[in-house]
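Visitor: coords please:
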Amino acid sequence: MCLLTLHCITLLLLHQERDIGDEYGWKQVHGDVFRPASSTLVFSSLIGTGYQIAFVALCTITIAIVGELYTE
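Guide: Take a look at the predicted model:
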């Protein structure tokens, strides 16, 4: 009897957690996921600038490490 009660309580709790996840999860943000940016020009220029800065920093670090390896 105790195991049956424990099993029933566990099933109820799991069902309640699933319902809360459905109400507060994907259903609330599904409209914002594929929404286009309000100012695409600013967004694309920030993404491009970020990639360029990251690439230049990576190249600089790589050249510095390689330079340290080949100097006597």
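Visitor: tell me the centre residue of the chain?
Guide: Val33 (12.3 Å; CA atoms, centre = their mean).
Visitor: Can you classify Ser38 by secondary structure?
Guide: coil (DSSP: H, G, I helix; E, B strand; the rest coil).
Visitor: tell me the phi and psi of it?
Guide: The phi/psi pair for Ser38 (degrees, to the nearest 10) reads phi -70, psi -40.
Visitor: and what of Ser39?
Guide: Phi and psi for Ser39, reported as degrees, to the nearest 10, are phi -130, psi 90.
Visitor: and it, how many neighbours?
Guide: Taking other CB atoms under 10 Å as the neighbour definition, Ser39 ends up with a count of 9. Glycine gets a C-beta too; all of them are placed from N, C-alpha and C.
Visitor: Could you check how many residues crowd around Ser45?
Guide: Other residues near Ser45 come to 11 when the count uses other CB under 10 Å.
Visitor: so how far is Arg35 from it?
Guide: Remark: distance between Ser45 and Arg35 (CB to CB, to the nearest Å) = 19 Å.
Visitor: about what we covered before: pLDDT score assigned to the residue nearest to the centre of the chain?
Guide: We have a pLDDT of 73 for Val33.
Visitor: ditto for Val42
Guide: The predicted structure lists Val42 with a pLDDT of 93.
Visitor: what about stretch 11-30, average pLDDT?
Guide: In this model, stretch 11-30 carries a mean pLDDT of 62.
Visitor: Would you mind measuring from the residue nearest to the centre of the chain to Leu41?
Guide: In this structure, Val33 and Leu41 are separated by 22 Å, where distance is defined by CB to CB.
Visitor: Likewise for Ile47?
Guide: Between Ile47 and Leu41 the distance is 11 Å, computed by CB to CB.
Visitor: now swap in Cys59 and tell me
Guide: Cys59 sits 27 Å away from Leu41, taking CB to CB as the criterion.
Visitor: Gly50: how many residues sit nearby?
Guide: Neighbour count for Gly50, taken as other CB under 10 Å: 10.
Visitor: Use 46 as the first number from now on
Guide: New numbering, starting at 46: the last item is Gly95.
Visitor: Does it lie in a helix or a strand, and which?
Guide: helix 85-115 (DSSP states H and E).
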